[in-house]
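1. Generate a structure from the sequence data that follows.
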Amino acid sequence: MRIEKCWFCSSSIFPGHGMQFVRNDAKIFRFCRSKCHKNFKMKRNPRKVKWTKAYRMLHGKDMVQDNTFEFERKRNRPERSDRIKMGHTLKAILLIDKVRNVRKMGHPIKRFSKNETKAREWDNKEYTESNHLLRVAKPLDAKKIRISAQPKSEENRAMEE
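-> Presented below is the predicted three-dimensional model:
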């Protein structure tokens, strides 16, 4: 039982699912669903279609460089089976899965922290460039403004009454 990868979206294809397209030069393309097959026939580039794994990796949405992905690669070398070695392999797979999940949980935090620093840098740059547009309030001179603190004279009071 072999789990294949979709040529277009890189999702897993389990036995009995998906479809294959064999080109004239005997190159085999496997697709997980008709959506991927139709996009392939329309000659769309998976790196430009937003929902594919290739787009997400190219634009930094998913983890790309991680040592745990090396275990997922397909190897075509036949190996002799050994029960002890198989048991160690299964234990290692569980451990690798835990490590991968921990790294996946931390990936969005790293992504968003980069955006925060970029936004902060952009704000600082905008502030320095448009500093001349901000009006700074000048301190008031005491000489120019006269405040009369004297009471009104008696003449003015008599006229007001």
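2. okay, now Cys6: neighbour count?
-> Cys6 has 22 neighbouring residues, counting by other CB atoms under 10 Å. No exception for glycine: its C-beta is placed from N, CA and C like everyone else's.
3. Need the per-residue pLDDT for it.
-> You'll see Cys6 listed with a pLDDT of 94.
4. nearest residue to it other than its sequence neighbours?
-> Once flanking residues are discounted, Cys6 sits nearest to Cys32: 4.0 Å by CB to CB, 6 or more residues apart in numbering.
5. Quick one, grab the pLDDT at that neighbour.
-> The predicted local distance difference test score for Cys32 is 95.
6. Make 139 the first number, not 1, from now on.
-> Got it, the first residue is 139 from now on, which makes the last one we talked about Cys170.
7. who touches it in this structure?
-> Cys144, Phe146, Cys147, Ser149, Ser150, Ile151, His155, Gly156 (CB atoms under 8 Å, 6 or more residues apart in numbering).
8. so Phe159 sits in a strand?
-> Yes: assessed by DSSP: H, G, I helix; E, B strand; the rest coil, Phe159 belongs to a strand.
9. Tell me how many other residues crowd Arg182.
-> 14.
10. any idea which helix or strand carries Thr233?
-> Careful, residue 233 is Leu and not Thr. helix 221-267 (DSSP states H and E).
11. likewise Pro216?
-> Element membership of Pro216 [criterion: DSSP H and E] is none; it lies in no helix or strand.
12. Quick one, which of the contacts of Cys170 are buried?
-> Those of the contacts of Cys170 that meet the buried threshold are Cys144, Phe146, Cys147, Ile151, Gly156, by 16 or more other CB atoms under 10 Å.
13. now, which of those lie within strands?
-> When the buried ones among the contacts of Cys170 are checked against strands using DSSP state E, the ones located there are Ile151.
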